[in-house]
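Participant: coordinates for the following, if possible.
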Amino acid sequence: MCSHADAMDAKDTTHQFTLRQLQIFWAVAQSRSLTRAAKQLDVRQPSISQQLSRMEHQLGGKLIRYVGNELRLTPAGEFLLAEAGGILEAVDRASAGLNEYFEGVRSQLTVGALPSIARNIVAPAFARMRRDHPGYVLDLAEVTPREAREQLNGRLFDAAVMSDYSEGTGQGLRRVEILGDRQLLAVPRHMPDLSTIADLTRDLPAEALDTMNRTARYAFGSEHTARVTAWYERLLPDSGATLRCRTFESALAFVEEGQGVAIVPELSVRQGPRLLFDVALYDLGLPVRQTVLLTPFQTARMPSIVALEAALKAASAGLEPLETRPIPAFVRQSDLGPAGASDANLYAPPSGP
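Facilitator: All right, here's what the predicted structure looks like:
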């Protein structure tokens with residue numbers, strides 16, 4: 001005669017699924033691509049397809065379907081996506097707590113960041129966190145914005161600190177503004193002072209004019225590439241691309257060598273209060289580049305993420321704007337951008353929630 005426990009064990013379990021299957025479903029649902037999900041989770045795409053098929057078979061219905069080449073969620077898939085966030089958040093909290101018990105680690109944070117943001121904001125923010133919580137451990141990865149979003153959606157990063165010039169935040173990610181970052185014109189140190197120059201062609205020596213018309217352009221594959229090109233066309237209509245590069249630091253090295261000029265965000269030039277490159281810097285009055293904290297919505301309330309957000313804002317508030325030369329006369333006449341970008345409170349954290 002079967003016991004009650006035996007009867008329970010014998011019940012149909014076809015509507016169950018594993019945590020790994022849920023993580024795979026989450027990555028696919030967020031990225032809307034099996035290929036991107038496989039990359040995020042560092043597994044082969046056939047394995048992703050097999051796990052999803054097995055999960056759908058166990059549940060007894062479809063979670064994902066294709067319309068043409070577009071991956072879409074079924075109503076059941078939309079329901080599971082809404083529930084999955086809370087489930088995975090609970091698992092993350094449990095894992096963090098067990099790490100504290102078994103490994104003596106209060107919490108390990110895996111954070112992606114651009115290099116300039118990592119050294120100027122994330123590093124001092126983490127130092128603040130460790131003063132209050134010495135057990136925190138940081139795994140810091142210097143990555144592109146696209147890589148950061150993929151790793152966040154694949155749940156391989158806890159957070160990312162990026163610029164808002166990077167193709168939006170992506171689905172399923174919470175965005176918190178941290179600080180504004182001025183756009184500056186970097187020119188070789190030996191150049192004449194541009195502050196009072198109203199007409200480059202008329203007022204600059206031929207050699208200096210030639211330097212001004214050699215510019216560093218960016219190959220980011222993002223909206224910021226087009227934005228900088230448009231600024232050059234307005235600011236330096238006779239200029240051309242002498243350098244194409246993928247980091248602001250490479251552009252600044254080009255300027256330091258006297259090879260041309262570059263439009264760069266302020267954080268790329270500095271290490272805290274120190275200049276990293278021997279260049280002259282001019283304010284341009286352009287809209288600031290906003291630095292943002294990105295986290296999955298379901299982990300935003302975790303104590304480690306709350307502590308990181310507070311520390312990032314505090315570190316940003318303590319970062320004073322660099323002393324730069326004023327907006328040149330020829331820039332003001334070009335109507336390049338709105339004034340007010342050089343406000344003294346530029347590095348204060350945004351007000352409001």
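
Participant: show me where the protein has helices.
Facilitator: Using DSSP state H, the helices of the chain run over 4-10, 19-31, 34-41, 45-59, 75-103, 115-117, 123-132, 145-153, 200-203, 206-212, 223-235, 248-256, 303-317, 329-333.

Participant: go ahead and name everything in contact with the third one.
Facilitator: If I follow you right, that is helix 34-41. Applying C-beta atoms under 8 Å, 6 or more residues apart in numbering, the contact partners of helix 34-41 are 23-24, 27-28, 30-31, 44-45, 47-49, 71, 150-151, 153-156. Quick note: C-beta positions are derived from backbone N, CA and C, even for glycine.

Participant: now do the second one
Facilitator: Helix 19-31 is contacted from outside by 34, 37, 40-41, 48, 51-52, 54-55, 63-64, 71, 73, 77, 80-81, 84-85, 87-88, 91, 150, 153-155, 170-172, using C-beta under 8 Å, 6+ apart.

Participant: could you dump the helices of the chain into TSV with mean neighbour count and mean pLDDT added?
Facilitator: Converted to TSV, the helices of the chain look like this (neighbours: other C-beta atoms under 10 Å; pLDDT from 0 to 100):
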stretch	mean neighbour count	mean pLDDT
helix 4-10	9	45
helix 19-31	21	85
helix 34-41	20	82
helix 45-59	15	88
helix 75-103	14	76
helix 115-117	21	93
helix 123-132	17	91
helix 145-153	23	82
helix 200-203	14	94
helix 206-212	15	96
helix 223-235	16	87
helix 248-256	21	96
helix 303-317	19	91
helix 329-333	17	91
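
Participant: so which of those gets nearest residue 109?
Facilitator: Of all the helices of the chain, helix 303-317 sits nearest to residue 109, with 5.6 Å by C-beta to C-beta.

Participant: that closest one to helix 75-103, inter-axis angle?
Facilitator: 80 degrees (axes from the mean of the first three to the mean of the last three C-alpha atoms, to 10 degrees).

Participant: so who does the closest residue in space to residue 301 that isn't next to it in sequence touch?
Facilitator: Nearest non-adjacent residue to residue 301, counting by C-beta to C-beta, 6 or more residues apart in numbering: residue 89, 7.8 Å away. Shown in contact with residue 89 (C-beta under 8 Å, 6+ apart): 298, 299, 301, 302.

Participant: likewise residue 132?
Facilitator: Residues near residue 132 by C-beta under 8 Å, 6+ apart: residue 307.

Participant: tell me how far it lies from residue 305.
Facilitator: Going from residue 132 to residue 305 by C-beta to C-beta, to the nearest Å gives 15 Å.

Participant: try residue 74
Facilitator: Applying C-beta to C-beta, the value for residue 74 to residue 305 is 31 Å.

Participant: what do you get for residue 239?
Facilitator: 43 Å.

Participant: for the closest residue to residue 314 other than its chain neighbours, give me its contacts.
Facilitator: Nearest residue to residue 314 in three dimensions, chain neighbours excluded: residue 128, at 5.8 Å (C-beta to C-beta, 6+ apart). By C-beta under 8 Å, 6+ apart, the contact list for residue 128 reads 311, 314, 315.

Participant: try 10 Å this time
Facilitator: 307, 308, 310, 311, 312, 314, 315, 318 (C-beta atoms under 10 Å, 6 or more residues apart in numbering).

Participant: again with residue 68
Facilitator: Listed by C-beta under 10 Å, 6+ apart, residue 68 has no contact partners.

Participant: got the phi/psi numbers for it?
Facilitator: Per-residue torsions, residue 68: phi 70, psi -120 (degrees, to the nearest 10).

Participant: for it, give me the pLDDT.
Facilitator: According to the prediction, residue 68 has pLDDT 82.

Participant: distance of it from residue 189?
Facilitator: Remark: distance between residue 68 and residue 189 (C-beta to C-beta) = 56 Å.

Participant: picking up where we left off before, any chance of the contacts of residue 89 in CSV, plus neighbour count, pLDDT and distance to residue 181?
Facilitator: Putting these into CSV (neighbours: other C-beta atoms under 10 Å; pLDDT from 0 to 100; distance: C-beta to C-beta, whole Å) gives the following:
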residue, neighbour count, pLDDT, distance to residue 181
298, 20, 71, 29
299, 20, 74, 26
301, 11, 77, 27
302, 20, 77, 27
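
Participant: now these in CSV, with distance to residue 285?
Facilitator: Converted to CSV, the contacts of residue 89 look like this (distance: C-beta to C-beta, whole Å):
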residue, distance to residue 285
298, 40
299, 38
301, 39
302, 39
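
Participant: burial measure for residue 60, as a count.
Facilitator: By the criterion of other C-beta atoms under 10 Å, residue 60 has 10 neighbours.

Participant: where does pLDDT dip in the stretch 251-353 of the chain?
Facilitator: Within the stretch 251-353 of the chain, the stretches with pLDDT under 70 are 336-353.

Participant: the same query, at a cut-off of 80, please.
Facilitator: 297-302, 335-353 (pLDDT under 80).

Participant: break down it into its strands, ranges please.
Facilitator: 262-265, 270-271, 274-275, 279-283, 289-296 (DSSP state E, counting those that start in this stretch).

Participant: most tightly packed of those strands?
Facilitator: strand 262-265 (a mean of 26; mean count of other C-beta atoms under 10 Å).

Participant: could you list the paired strands of that one along with their orientation?
Facilitator: Strand pairing for strand 262-265, using DSSP bridges, gives strand 183-188 (antiparallel).
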